[in-house]
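Engineer: sequence first, then the predicted structure, then my questions.
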Amino acid sequence: MTDEEDEGSMTLNVGQRVRLAAELRLAGSVIPAGEPPEETGAFAASVALAAGIEGTVERVDEHHRQQSHEVREYLRLKSLLDDFGHQMPPASRKQLGEQVEALEEQWAAHQRRMLRVTVRVRLDNGFVLDDVPEEAFACA
């Protein structure tokens, strides 16, 4: 397995040291300390964080993606085929098999993106990045 495959499939853990894999630019409006939140838009700011900045993972969140109609239908039909296919007439079993096969591409795509992992990382420079996809970091 290559280093690229290793990093792409890694799952970060709380307490793990990581480094920013690419330069990030944070932009938006800011509020002076002590001002009420309604006063948004008073100032605009931009901060650039260079790739390679290190930090520590504080939290890991897993987000399960919702299933599409096609994925739910694949699961229903596949279960039906697996559980009762041997009892079905050959023509019905063949038709059901074709329906399952037609939905396999959507099922495979769903499995590839089924779980989205985001992290909260406290960088060594004091910045905290929250709800950032884990792919933005590499092992330090």
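Structural biologist: Cool, got the structure.
Engineer: just after the top strand by length along the chain, pick out the following helix or strand.
Structural biologist: As assigned by DSSP state E, the longest strand anywhere in the chain is strand 54-64. Downstream of strand 54-64, the first helix or strand assigned by DSSP states H and E is helix 69-84.
Engineer: give the residue farthest from the middle of the chain.
Structural biologist: residue 89 (42.1 Å; Cα atoms, centre = their mean).
Engineer: quick one, phi/psi of it?
Structural biologist: phi -60, psi 150 (degrees, to the nearest 10).
Engineer: mind checking how far the residue most central in space within the chain is from residue 122?
Structural biologist: Central residue of the chain (Cα atoms, centre = their mean): residue 116, 2.0 Å from the mean position. According to Cβ to Cβ, to the nearest Å, residue 116 and residue 122 sit 21 Å apart. C-beta coordinates here come from the backbone N, C-alpha and C atoms, glycine included.
Engineer: then residue 67?
Structural biologist: 34 Å.
Engineer: cool, and residue 36?
Structural biologist: Noted for residue 36: a distance of 27 Å to residue 122, by Cβ to Cβ.
Engineer: and those two? which has more neighbours close in?
Structural biologist: Just comparing residue 36 and residue 122: by other Cβ atoms under 10 Å the higher neighbour count belongs to residue 122, 15 against 7.
Engineer: just checking, residue 68 touches residue 106?
Structural biologist: Yes: contact criterion Cβ atoms under 8 Å: residue 68 and residue 106 qualify, at 6.7 Å.
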